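Chemist: quick one: sequence plus predicted model below, questions after.
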Amino acid sequence: MSRSPASPPPVDEPRVASEIPFYASFGFISGCYILMILAMLFAEATYTSPAEFFAFLDKPEVVYSIQLSLLSCALTTVLALWVAVPIGYLMSRHNFLGKSAVDAVLDVPIVLPPLVIGLCLLILFSSSFSASVEAWLKQCELFLAGHLVPLVVLAVCLSASSVFCILMRNRILDPRIRFGLPAVVTLLAVVLAGYPHVAPRFPAWFPTIAQFEAGRVTHRDQSPLRTSRHLYSGEFTFTGTVNDAVGTLEKAFTGDAFGDFRTVRKTGLDGLENGEHRVLVALKPGVDSDYPDGCDMAFRLVPQRDAVAITKLERSLDDKERELAPLRKLFAKRERRVALNEELDVVRRRMESIRGASESAAVKQQLLDLRREVDAVQRTMILVQAELDDTQAGVSTVDTALQEKRTLADLGEQRDRLERETAELSNQLDKARNAWQTDSLRWDVEVDVMRPKAVSKADIVPRLSFPVTYEIPAVILAQFMVACAFAVRTMRVTFDQIPQRCEQVALTLGCNHGQAFWRVVLPQAHRGMLAAGTLAWARSLGEFGPILIFAGSTRRKTEVLPTTVFLELNTGNLAGAASASMIIIAAAMIVLILARRFGLRGMAV
């Protein structure tokens, strides 16, 4: 009978440790953070009463702040998506030289402190580049304002021509007729409707000004929605002195039709006259039936000074001042040391004379006082010597004193020479700046013809520019620079998650890359666009640092909701700051809920 093989000894199965501590620790950490968020919101919501909150909402500056916040955030979101979609697509689908560097640059607004971004924008738009851009925008505004009617007619005719070509593509088969007929009608309409505005002229009562070379005339009253106060703008040039220019204008506008002739001299930021003159004259009521209330005219005379020479003189004067400043300090210190040396010699001579006269107690006391005085002078000389970085502790010998006087004399001659050169440069600069007072110069003359009306000072000569710094565009630009970086990052991740197979199939079926993007890729990216827009809107709503630096915190001008919180805290109104922050929280929560409700359930925002 065979023996059965021995069975292996039983092996204990490994015990699985309890997972309760693991999930309990993680749940505790997560719960603490979530409770902290809810506690913050609860404390914020219960700090003010509903009556105080609605009273805060009734303030005009708060209403303006809410409106500007919503408008700026909406515009910023649109701009951010407009920029983020193409950048995200290119960064996701293509490899090119320098892609890593471009990727790092795109992340710069994310890692930079907000205050630094605002300061960089402020410096950028205060540079010469900004001045040139604003000058170009001013020219664009002048062109649009001066050709508004023909441009509107052209736009309407082009739209009608497009509709005509689409509707008649099956009825008029000859393309020359189908496209040529609308083109001829458009040209005739633009010429007939726009000729008086393309080449406008001043009204008949505006006199011909002798010695003034006429330039461009712009008809400003072209708005179809409202009557503009600004009627005409004109440009002239004149060569002569300022008195000749003002005298010529006074002679041209002397008569029964005109009155209230005045001349105003303008001053610069330094409080000195810069040569610019303002000549104001009025057309009396009843002279022209088209303008029964009369007109106001404002002439702006600007001298064409040699800006290059003035800039060169200013730089030379600055260089001389920088060279002269340390020399003045050195001369004053050496002059003081020489004076102390002479005073020390006088005291020593007095000591010698007293020592030889007698040895009484009174004389000894005088000698003791004189020694103290000598010690004080020597200590002062040591301090002066240390300021001059000299190696000697004092000046005692006659030869050293004479050498010191010679050094002082040389410094004095050098200082006087630089003083004379500085004074000469200053005189040349003053002469160049004030050449308009006596010399015959070329003057740029701008005239504005306006309807009479009680207006502010800024309406005398309307501002034809697009200011950015400390204006509403600065708010939008500051929000855009930060929000767009987050939108770009979101859109790149979105395009990375979209498979390229559908796009490649569209390319094989005859689409180019643009058609494949618009028809295949972009419809699949709608969730990512919604996520990017939500993130950009939320970042824009809470942006404060760049706006404070770049746009300021002016009430009812550049005030947004974060600025309102800041201003209320500065005034000690903590309840108002809490109410403003509650508006921000409510707006952010509404946007987040709507975004998740309409398409972000599968994406993290």
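Modeler: Structure's in. What do you need?
Chemist: show me the strands in this structure, by range?
Modeler: Counting by DSSP state E, residue ranges of the strands within the chain are 213-219, 230-240, 258-267, 273-283, 295-303, 441-450.
Chemist: what are the pairing partners of the first one, and which direction each?
Modeler: What that stands for is strand 213-219. strand 230-240 (antiparallel) (DSSP bridges).
Chemist: what angle do the partner strand and strand 295-303 make?
Modeler: Relative orientation of strand 230-240 and strand 295-303, computed by axes from the mean of the first three to the mean of the last three Cα atoms, to 10 degrees: 40 degrees.
Chemist: output strand 230-240 as PDB, nothing but the C-alphas.
Modeler: Only the C-alpha atoms of strand 230-240 are listed here, as PDB (Å, rounded to 0.1, in the frame of the first residue of the first chain):
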ATOM      1  CA  HIS A 230     -18.200 120.700 -34.400                       C
ATOM      2  CA  LEU A 231     -18.800 121.900 -37.900                       C
ATOM      3  CA  TYR A 232     -15.500 122.200 -39.800                       C
ATOM      4  CA  SER A 233     -11.800 121.700 -39.200                       C
ATOM      5  CA  GLY A 234      -9.100 123.400 -41.300                       C
ATOM      6  CA  GLU A 235      -5.400 123.500 -41.600                       C
ATOM      7  CA  PHE A 236      -3.200 126.500 -42.600                       C
ATOM      8  CA  THR A 237       0.500 127.400 -42.600                       C
ATOM      9  CA  PHE A 238       1.900 130.900 -42.000                       C
ATOM     10  CA  THR A 239       5.500 132.300 -42.200                       C
ATOM     11  CA  GLY A 240       6.300 135.300 -40.000                       C
END
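Chemist: list the buried residues of that strand.
Modeler: Neighbour-count burial for strand 230-240 flags H230, L231, Y232, S233, G234, F236, F238 (criterion: 16 or more other Cβ atoms under 10 Å). No exception for glycine: its C-beta is placed from N, CA and C like everyone else's.
Chemist: before we move on, what about stretch 281-298?
Modeler: Within stretch 281-298, the residues that count as buried by 16+ other Cβ under 10 Å are V281, A282, L283, V287, D288, Y291, G294, C295, D296, M297, A298.
Chemist: hang on, the third one packs against Y291?
Modeler: Yes: taking contacts as Cβ atoms under 8 Å, L283 lies within contact range of Y291: 6.9 Å.
Chemist: please enumerate the helices of the stretch 101-250 of the chain.
Modeler: Remark: helices assigned in the stretch 101-250 of the chain by DSSP state H, counting those that start in this stretch are 108-111, 114-124, 128-146, 148-167, 175-198, 242-252.
Chemist: out of the ones you listed, which is closest to A474?
Modeler: Relative to A474, the nearest member of the helices of the stretch 101-250 of the chain by Cβ to Cβ is helix 114-124, separated by 7.5 Å.
Chemist: low-confidence ranges, the stretch 401-550 of the chain, go.
Modeler: Counting by pLDDT under 70, the stretch 401-550 of the chain has low-confidence residues at 401-408, 432-439, 453-466.
Chemist: that one: helices as residue ranges?
Modeler: Listed in chain order, the helices of the stretch 401-550 of the chain (DSSP H, counting those that start in this stretch) span 472-497, 501-508, 513-516, 522-524, 526-541, 545-550.
Chemist: again with the stretch 251-400 of the chain
Modeler: Using DSSP H, counting those that start in this stretch, helices in the stretch 251-400 of the chain cover 307-357, 361-387, 398-433.
Chemist: looking at the ones you listed, which one has the lowest mean pLDDT?
Modeler: Of all the helices of the stretch 251-400 of the chain, helix 361-387 carries the lowest average pLDDT, namely a mean of 62.
Chemist: just put the helices of the stretch 101-250 of the chain in TSV and tack on mean pLDDT, distance to K329 and mean neighbour count.
Modeler: Listed next are the helices of the stretch 101-250 of the chain as TSV, based on pLDDT from 0 to 100; distance: least, Cβ to Cβ, whole Å; neighbours: other Cβ atoms under 10 Å:
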stretch	mean pLDDT	distance to K329	mean neighbour count
helix 108-111	88	44	13
helix 114-124	87	32	17
helix 128-146	72	34	13
helix 148-167	81	62	15
helix 175-198	78	65	14
helix 242-252	84	42	17
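Chemist: mind putting the ones you listed into CSV with distance to P473?
Modeler: Formatted as CSV, those follow (distance: least, Cβ to Cβ, whole Å):
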stretch, distance to P473
helix 108-111, 18
helix 114-124, 11
helix 128-146, 11
helix 148-167, 22
helix 175-198, 28
helix 242-252, 37
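Chemist: residues contacting the residue nearest the centre of the chain?
Modeler: When Cα atoms, centre = their mean is applied to the chain, the residue found nearest the centroid is T469 (3.2 Å). T469 sits next to L122, F125, S126, S130, F550, A551 when contact means Cβ atoms under 8 Å, 6 or more residues apart in numbering.
Chemist: quick one: which of the residues you listed is nearest to A214?
Modeler: Ranking the contacts of T469 by separation from A214, with Cβ to Cβ as the measure, puts S130 on top at 32.0 Å.
Chemist: separation between Q67 and E559?
Modeler: Q67 is 10 Å from E559, where distance means Cβ to Cβ, to the nearest Å.
Chemist: and these two? which has more neighbours close in?
Modeler: Ranked by neighbour count (other Cβ atoms under 10 Å), Q67 and E559 place E559 first, with 24 against 11.
Chemist: next, count neighbours for the spatially closest residue to that one that is not a sequence neighbour.
Modeler: Nearest in space to E559, with sequence neighbours left out and distances taken as Cβ to Cβ, 6 or more residues apart in numbering, is S65 at 4.7 Å. Applying other Cβ under 10 Å, we find 24 residues neighbouring S65.
Chemist: grab the nearest non-local neighbour of R278.
Modeler: Nearest non-adjacent residue to R278, counting by Cβ to Cβ, 6+ apart: V264, 4.1 Å away.
Chemist: pretty sure I584 is touching V560, no?
Modeler: No: using Cβ under 8 Å, I584 is not in contact with V560; the gap is 9.6 Å.
Chemist: ok, the two, which is more surrounded?
Modeler: Neighbours per residue, other Cβ under 10 Å: of I584 and V560, the larger number sits with V560, 32 against 20.
Chemist: now the closest residue to that one other than its chain neighbours: how far from A577?
Modeler: With sequence-adjacent residues excluded and distances taken as Cβ to Cβ, 6+ apart, V560 is closest to S69, at 4.5 Å. Here S69 is placed at a distance of 15 Å from A577 (Cβ to Cβ).
Chemist: who has more neighbours out of the two?
Modeler: The neighbour comparison of S69 against A577 (other Cβ under 10 Å) goes to S69, with 26 against 21.
Chemist: can you list the domain ranges for this protein.
Modeler: What the record gives for the chain is the domain set 23-125+468-597, 130-198, 213-306+438-459, 310-433, from automatic domain parsing.
Chemist: closest one to F22 out of the contacts of T469, please.
Modeler: Distance to F22 across these (Cβ to Cβ) is lowest for F550, with 49.0 Å.
Chemist: residues contacting the residue nearest to G215 when sequence neighbours are not counted?
Modeler: Nearest residue to G215, sequence neighbours excluded (Cβ to Cβ, 6+ apart): E235, at 3.5 Å. Residues in contact with E235 (Cβ under 8 Å, 6+ apart) are A214, G215, R216, V217, D444, V445, E446, V447.
Chemist: could you give the bridge partners of the nearest residue to the last one once chain neighbours are set aside?
Modeler: This points to V447. Using Cβ to Cβ, 6+ apart and skipping the chain neighbours, the partner closest in space to V447 is G234 (4.6 Å). Following DSSP bridges, G234 is listed with bridge partners V217, V447.
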